[in-house]
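Engineer: here's my sequence, what's the structure:
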Amino acid sequence: MTATASDAEPTQASGAAEEAGAGPAAAHFRFFTAEVVRTRRLGHSFLRVTFGGAGLAGFRSGGWDQSLSLFLPPAHREHTVLPSTDEDTWFGAWRGMPDEERPVMRSYTVREQRTAPDGAVEVDIDFVLHGDSSPASAWAGRAVTGRRILAIGPAVAENKSVRFRPPAATDALVMYADETALPAAAAILERLAAGTPVKAFFEVPHERDRLELATAAAADITWIVRTGGPGRAERVVEAVRAAELPPGRAPYAWLAGEAGTVRAVRRHLVQERSLDRRAVGFTGYWRLGASEEQLLAEAYAGQAPSEEPSAEL
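Structural biologist: Here you go, the predicted model:
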């Protein structure tokens, strides 16, 4: 899903930087062409789209909660087309396209990257489906094999779009994610060391979205199925407040989802549970009451055209 993050780093390098005596550094992010290979429904609200093709050569996910930006074509176009993919001109060219032709840009998590038996790169991305109420959901719901999109993604595995950064002394993990951040949370759980104490709170819109999540960690997961009406953040905080957090002298908290709920959970952990605020990583993936285009415009305000937004959308 889309995201806003007041504490997020830019997700695309602004170009090759000269280091003293070292020559130009490799760009951490660049454009890739991704072709739909297959799709698979996961639960009620989730669809996994597997991308492949020669255009993904050189893609290097750093794992954990690695993000990338997708450019999804308008409904009347089969494939994504941009007038420029040059790092200095693409943004202006994209923004200058007619509204009805401009691809929608959204940030998503790399759920998994792997190498197929024939050596080809495959990348899984999980979409949240909610009909045609958003362009990304509408595109994913109609994705078929052979469709091609463009993406800005990592060309090196160690990059700033991986935001799961626990301190070295971390000995326990607290997690909160709603459905937009659940793919990132699932990718994190899969990479944790065996036996790592974890207390996770995952908020989803439907009972059938309680997914089977693979992990070797000692993970205790509380599923919060959303109900209608106001008070969403309060209900999540109450669930966290009522729970016993995992044992550990140096816990790390990773929180991602709707911005207001993330802030409320962070406030509870820091003020009521006395977690070190420096050991709380938090990202607002979206915000109630704000459109995706509005958040995108805010994210790009004041930034150079060659940069990704400092707030994920």
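Engineer: are we agreed that residue 236 is in a helix?
Structural biologist: Yes: counting by DSSP: H, G, I helix; E, B strand; the rest coil, residue 236 is part of a helix.
Engineer: over to the nearest residue to it once chain neighbours are set aside. Which of the three states is it?
Structural biologist: Once flanking residues are discounted, residue 236 sits nearest to residue 261: 5.4 Å by CB to CB, 6 or more residues apart in numbering. For glycine as for every other residue, the C-beta is placed from the backbone atoms N, C-alpha and C. Put simply, residue 261 is helix when judged by three-state DSSP.
Engineer: number of residues surrounding residue 261?
Structural biologist: Neighbour count for residue 261, taken as other CB atoms under 10 Å: 23.
Engineer: just checking, it touches residue 231?
Structural biologist: No: look at residue 261 against residue 231 with CB atoms under 8 Å: they stay out of range, at 10.7 Å.
Engineer: re the thing from before, tell me the pLDDT at the residue nearest to residue 236?
Structural biologist: pLDDT, residue 261: 95.
Engineer: how far away is it from residue 109?
Structural biologist: 18 Å (CB to CB, to the nearest Å).
Engineer: repeat that for residue 256.
Structural biologist: 9 Å.
Engineer: got it, and residue 284?
Structural biologist: Noted for residue 284: a distance of 14 Å to residue 109, by CB to CB.
Engineer: please apply the same query to residue 227.
Structural biologist: Counting by CB to CB - residue 227 and residue 109 are separated by 26 Å.
Engineer: of the two, who's got more company?
Structural biologist: Higher neighbour count among residue 227 and residue 109: residue 109, with 29 against 9, using other CB under 10 Å.
Engineer: how about residue 35: what's its closest non-neighbour residue?
Structural biologist: residue 53 (3.5 Å).
Engineer: name all residues that make contact with that neighbour.
Structural biologist: Applying CB atoms under 8 Å, 6 or more residues apart in numbering to residue 53 gives the contacts 33-35, 37, 120, 148.
Engineer: overlap in contacts of residue 256 and residue 109?
Structural biologist: Joint contacts of residue 256 and residue 109 (CB under 8 Å, 6+ apart) are 65, 181, 184.
Engineer: for the stretch 1-150 of the chain, which segments are assigned as strands?
Structural biologist: 18-19, 23-24, 29-42, 46-52, 67-72, 104-109, 112-115, 121-128, 148-154 (DSSP state E, counting those that start in this stretch).
Engineer: shaky segments in the stretch 101-250 of the chain?
Structural biologist: Regions of the stretch 101-250 of the chain meeting the criterion pLDDT under 70 cover residues 229-230.
Engineer: who does the residue positioned nearest the centre of the chain bridge with?
Structural biologist: In the chain, the centroid-proximal residue (CA atoms, centre = their mean) is residue 109; its distance is 3.4 Å. Taking DSSP bridges, one finds residue 67 as the beta-bridge partners of residue 109.
Engineer: distance of it relative to residue 94?
Structural biologist: 22 Å.
Engineer: now residue 251
Structural biologist: For residue 251 relative to residue 94 (CB to CB), the value is 41 Å.
Engineer: how many residues are close by residue 259?
Structural biologist: 23.
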